[in-house]
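Student: I would like to see how this sequence folds:
(chains A and B)
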Amino acid sequence: MWTWFYKLASPPYVFGVAAALTPWFFALAALTIGYGAVAGLVFAPPDYQQGDAFRIIYVHAPAAWLSLFAYTTMAVAGGIGLIWRIKMGHAVAAATAPIGASFTLLALVTGSLWGRPMWGTYWAWDPRLTSELILLFLYVGVMSLRPAFEDPARGDRAAALLSVVGVVNVPIIHYSVLWWNSLHQGATVAKIGKPAMPGSMLWPLLSMLLGFMLFYGAVLCIRVRGEVLNRERQSTWVREAVKS
Amino acid sequence: MMSSFWSMGGYARFVWPCFGFAGAVLCWNIWSARGHLAAARVRAVRAMAMDAGEKV
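Tutor: Reported below is the predicted structural model:
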């Protein structure tokens, strides 16, 4: 039953699977992002209150969702590395951090550009915005902590510990619009059974969400291969892989 | 028709920079990940060459 789990702990297996998956992820991401962008920008009708400014949702919401997903992935992978001492856990956590940080920055910038015409300001110390900014600082902290130790294993453990502790911020970001008074709008897609959008607006958004996830998968595969090579460069199988 | 698309109902200066920045982030991710992998390959080849030198 646990065979698949043990396989995921094997660097050559992870390296090979990541190489095989990368082109598929990229191709599917190009298709879904292409469809979502065209349908969202051209075919979706303007919002009755926000007009065409609502189209920012097609990059803002997927980026914000991915920022949380990537952080959770980083914390889970770091936790696996800490608890089971699986090196591949730390490799995946290290590979995820810069991707997650870049999408968190994208969510903050696009949110700020959306906030100006809707709220009259680029920035407000609102619970959702502030907790998302803290997420960016957590990513930067994790990325800075890892190389701060001379012993890479200690750096991995410290970064994993920070990412596991920081995961408490993920539900805070998600529920901040419910727990506190917030300028930010509530859930649009995640309302179970009744999204607050018609299909012509919703399908492009779901396509962009899927596309960003696939893109994340593709970039993660490339970065994981780099991490595996860095960590295993003294191994015989790496020498064979580099030669070929 | 085209000009109304580009003007985005008067919100062009907010909508297009968002999509432009999103494109830049996607491109940076690809460029950076490929650079990371290429650098790791170079380090692995260098380690291999150093080992070969030591054996000689």
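Student: so how far is the helix or strand of chain A with the lowest mean pLDDT off the chain centroid?
Tutor: Lowest on mean pLDDT, DSSP states H and E among the helices and strands of chain A sits helix A:3-8, with a mean of 74. Centroid separation for helix A:3-8 versus its chain: 24 Å, with Cα atoms, centre = their mean, to the nearest Å.
Student: So is stretch A:53-71 next to chain B?
Tutor: Yes - Stretch A:53-71 comes into contact with chain B (Cβ under 8 Å from any Cβ of the partner chain), by way of A:53, A:55-56, A:59-60, A:63. (Each C-beta comes from the backbone N, C-alpha and C, glycine too.)
Student: Could you save these as CSV and add columns showing secondary structure, pLDDT and neighbour count?
Tutor: Listed next are the residues of stretch A:53-71 next to chain B as CSV, based on DSSP: H, G, I helix; E, B strand; the rest coil; pLDDT from 0 to 100; neighbours: other Cβ atoms under 10 Å in any protein chain shown:
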residue, secondary structure, pLDDT, neighbour count
A:A53, helix, 93, 23
A:R55, helix, 96, 28
A:I56, helix, 96, 27
A:V59, helix, 97, 30
A:H60, helix, 96, 23
A:A63, helix, 97, 26
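Student: Give me the buried positions along the least confident helix or strand of chain A.
Tutor: Within helix A:3-8, no residue is scored as buried using 16 or more other Cβ atoms under 10 Å in any protein chain shown.
Student: After it, which helix or strand is next?
Tutor: Next along the chain after helix A:3-8, taking DSSP states H and E as the criterion, comes helix A:11-38.
Student: other SSEs contacting that following helix?
Tutor: Under the contact criterion of 3 or more Cβ pairs under 8 Å, 6 or more residues apart in numbering or on different chains; DSSP states H and E, helix A:11-38 touches helix A:87-119, helix A:199-231, helix A:236-243.
Student: hmm, 7 Å instead?
Tutor: helix A:199-231 (3 or more Cβ pairs under 7 Å, 6 or more residues apart in numbering or on different chains; DSSP states H and E).
Student: Get me the contact residues on chain A for chain B.
Tutor: A:46, A:51-53, A:55-56, A:59-60, A:63, A:98-99, A:102-103, A:106, A:109-110, A:113-114, A:116-117, A:215, A:219, A:222-223, A:225-226, A:229-230, A:233-234, A:238-239, A:242 (Cβ under 7 Å from any Cβ of the partner chain).
Student: could you flag which of the residues you listed are buried?
Tutor: The buried subset of the residues of chain A next to chain B - by 16+ other Cβ under 10 Å - is A:52-53, A:55-56, A:59-60, A:63, A:98-99, A:102-103, A:106, A:109-110, A:113-114, A:117, A:215, A:219, A:222-223, A:225-226, A:229-230, A:233, A:238-239, A:242.
Student: Check what contacts stretch B:41-55 and list those residues.
Tutor: A:229-230, A:233-234, A:238-239, A:242 (Cβ atoms under 7 Å, 6 or more residues apart in numbering or on different chains).
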